[in-house]
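A.B. asks: Give the three-dimensional model of this entry:
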Amino acid sequence: MTFPSYPAYKDSGVEWLGEVPEHWTVIALKWLSPVFRGASPRPIDDPIYFDDEGEFGWVRIADVTASPDGYLYETTQKLSALGSSLSVKLDPGELFLSIAGSVGKPCITKIKACIHDGFVYFPWLSIDQRLLYRVFESGLCFGGLGKMGTQLNLNTDTVGGIIIAVPPAPELSKALTFLDHETARIDALIEEQQRLIKLLKEKRQAVISHSVTKGLDPTVSMKDSGVEWLGEVPAHWRVCKLSFRYSVELGKMLDEKRNTGANPVPYLRNQDVQWGTVNIDELPLMDIEPAEYGRYTVRLGDLLVCEGGDVGRAAIWRHIDRTIGYQKALHRLRPESLKHDTAEFFFYTLMAAKSLGVFEESDTKATISHLPAEKFRQYRFAFPPLEEQQNIAAVMGEILERSNETISYAERTITLLQERRSALISAAVTGKIDVRGWQPPASAQAPELAVAEAV
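C.D. replies: Residues are numbered from 1 along each chain as shown. The predicted model follows:
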């Protein structure tokens, strides 16, 4: 979909705007409305009462950060009364802007809300506030004020000094209607791709979980494993403690005082081990004596498992040309016998265990904070014969590869759609496209056609 440009332009004198339509007005925000800051309550002068049934939503930075579509529908806390508090009350439909935390993020409240001094608002705005929302949403207006996010330097003066271009009222209304329609259409397509990714991951995980607990042969005889999360397993599989099949070793504790640099070795940290991948770039160094290499370094085929953080997250070490250590935040798993086990299979077992909540506290369903080696060794898993492990791992590898390709394509589509969305907003608020002749379609387009046009 392409749009014409305006017949005549003028230099706005503002870098982010560039040339704007000749008949548009270039003006600073402070001349369209004063920019006021919210205010934190003063409990000493006027106590505030928090109440789940309160009339006003008490807006925190986290509430705005969590808003997916720029609207505030609810808050985690509410106020039952404000009295003469200095806190600023907003009615539904009013615009405010974060100047702390998620700096530069605009939001329109759908509820009665109370904002503190981490936000600014525009009480007597003389234009449709949706234009201001779109200008903030584009992020271009913050050029020269720092990077988007927490590094932006925003206050009432800097926000009031932002210069925008305003078209005549009827033209503005048409442009805003255009943006509402087009961004909603693109957002729907993005949501569709996100749902697809979620479904693909769920299906993939279900297949993996079934394969490493039930096998690939649906006709095989089953037995009770005696382990709740495993349920029934093939009768010829062995169910036993991890320590019976794998050596489980924690890495070396980092001691800055003893890190003399006499025997520097790159080492892996918790964050370097993601599902199925290991980072080997720009690794830090620690002292590991040559005599300690057998205990504190990894070798081809070792399975690395996170001891803390995202407990159970794992990847296989596939590099052979470097001596690499590993920190105490990681377990190194190594089959006791390569005639009986392959880490390729157990990697998928860990994926299944993670998804089925094996590494959660039974009473709270929260992920455990740490998985000590001794505790890990006591977990019971199902182990098929080696040839069956290899077959399952090979099939799961193919499934994972195909799934990752499809997910990557969906993610690239989302990126293109987001870029298209941003480009439309930027073009519309700076007058680079003329949408005066645009009309909403009589009926919605088919999703396939819409995706093709959007990307």
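A.B. asks: Am I right that Met351 sits in a helix?
C.D. replies: Yes - counting by DSSP: H, G, I helix; E, B strand; the rest coil, Met351 is found in a helix.
A.B. asks: which residues touch it?
C.D. replies: By Cβ atoms under 8 Å, 6 or more residues apart in numbering, the contact set of Met351 is 205, 208-209, 275, 314. Every residue, glycine included, has its C-beta placed from N, CA and C.
A.B. asks: Buried among these? Need that as a selection in PyMOL.
C.D. replies: Buried residues among these (16 or more other Cβ atoms under 10 Å), as a PyMOL selection:
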select buried, resi 205+208+209+314
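A.B. asks: How is the closest residue to Ile280 other than its chain neighbours assigned, secondary-structure-wise?
C.D. replies: For Ile280, ignoring the flanking residues on the chain, the nearest one in space by Cβ to Cβ, 6 or more residues apart in numbering is His319 at 6.4 Å. With three-state DSSP as the basis, the three-state label of His319 is coil.
A.B. asks: isn't His319 right up against Leu300?
C.D. replies: Yes - using Cβ atoms under 8 Å, His319 is in contact with Leu300, at 7.3 Å.
A.B. asks: sorry, back to before: sort out for me which of the contacts of Met351 are in helices.
C.D. replies: Using DSSP state H, the subset of the contacts of Met351 located in helices is 205, 208-209.
A.B. asks: quick one: low-confidence parts of the protein?
C.D. replies: 1, 41-52, 80-86, 146-151, 256-260, 362-365, 443-455 (pLDDT under 70).
A.B. asks: now the helices: where do they sit in it?
C.D. replies: Ranges of helices within the chain are 61-65, 129-138, 156-160, 169-214, 293-296, 343-355, 373-378, 386-429, 447-454, based on DSSP H.
A.B. asks: Who are the packing partners of the second one?
C.D. replies: Just to be clear, that refers to helix 129-138. strand 95-98, strand 106-109, strand 163-166, helix 169-214, helix 386-429 (3 or more Cβ pairs under 8 Å, 6 or more residues apart in numbering; DSSP states H and E).
A.B. asks: if you set the cut-off to 7 Å instead, what comes out?
C.D. replies: Counting contacts by 3 or more Cβ pairs under 7 Å, 6 or more residues apart in numbering; DSSP states H and E, helix 129-138 packs against strand 95-98, strand 106-109, helix 169-214, helix 386-429.
A.B. asks: Export the first one to CSV, keeping only CA atoms.
C.D. replies: Going back to what we said before, that points to strand 95-98. What follows is strand 95-98, C-alpha atoms only, in CSV (Å, rounded to 0.1, in the frame of the first residue of the first chain):
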residue,chain,number,x,y,z
LEU,A,95,-3.2,11.3,28.1
PHE,A,96,0.0,11.2,30.3
LEU,A,97,3.7,10.5,29.6
SER,A,98,6.3,8.6,31.6
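A.B. asks: That strand: partners in the sheet, and parallel or antiparallel?
C.D. replies: Paired neighbours of strand 95-98 in the sheet (DSSP bridges): strand 106-109 (antiparallel), strand 119-121 (antiparallel).
A.B. asks: need the ones you listed in a markdown table with distance to Pro7 and mean neighbour count, can you?
C.D. replies: Listed next are those as a markdown table, based on distance: least, Cβ to Cβ, whole Å; neighbours: other Cβ atoms under 10 Å:
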| stretch | distance to Pro7 | mean neighbour count |
| --- | --- | --- |
| strand 106-109 | 31 | 22 |
| strand 119-121 | 37 | 23 |
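A.B. asks: Those into TSV, with extra columns for distance to Glu411?
C.D. replies: Shown next, in TSV, are the strands paired with strand 95-98 (distance: least, Cβ to Cβ, whole Å):
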stretch	distance to Glu411
strand 106-109	26
strand 119-121	32
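A.B. asks: Of the ones you listed, which is nearest Arg134?
C.D. replies: The minimum distance between Arg134 and those falls on strand 106-109, with 8.6 Å, by Cβ to Cβ.
A.B. asks: May I ask you to confirm that Leu417 is in contact with Ile186?
C.D. replies: Yes - under the criterion of Cβ atoms under 7 Å, Leu417 is in contact with Ile186, at a separation of 5.3 Å.
A.B. asks: Okay, and the beta partners of the closest residue in space to Ser369 that isn't next to it in sequence?
C.D. replies: Closest residue in space to Ser369, ignoring its immediate chain neighbours: Gly308 at 6.4 Å, by Cβ to Cβ, 6+ apart. Under DSSP bridges, the beta-bridge partners of Gly308 are His370.
A.B. asks: For Gly308, give me its contacts.
C.D. replies: When contacts are counted by Cβ atoms under 7 Å, 6 or more residues apart in numbering, Gly308 touches 270, 329, 369-370.
A.B. asks: Try it again at 10 Å.
C.D. replies: For Gly308, the contacting residues are 270, 328-330, 368-372, by Cβ atoms under 10 Å, 6 or more residues apart in numbering.
A.B. asks: could you dump the residues you listed to CSV with neighbour count and distance to Gly118?
C.D. replies: CSV is the format used below for the contacts of Gly308 (neighbours: other Cβ atoms under 10 Å; distance: Cβ to Cβ, whole Å):
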residue, neighbour count, distance to Gly118
Asn270, 20, 32
Lys328, 16, 39
Ala329, 20, 34
Leu330, 27, 39
Ile368, 16, 34
Ser369, 10, 31
His370, 11, 35
Leu371, 20, 38
Pro372, 14, 41
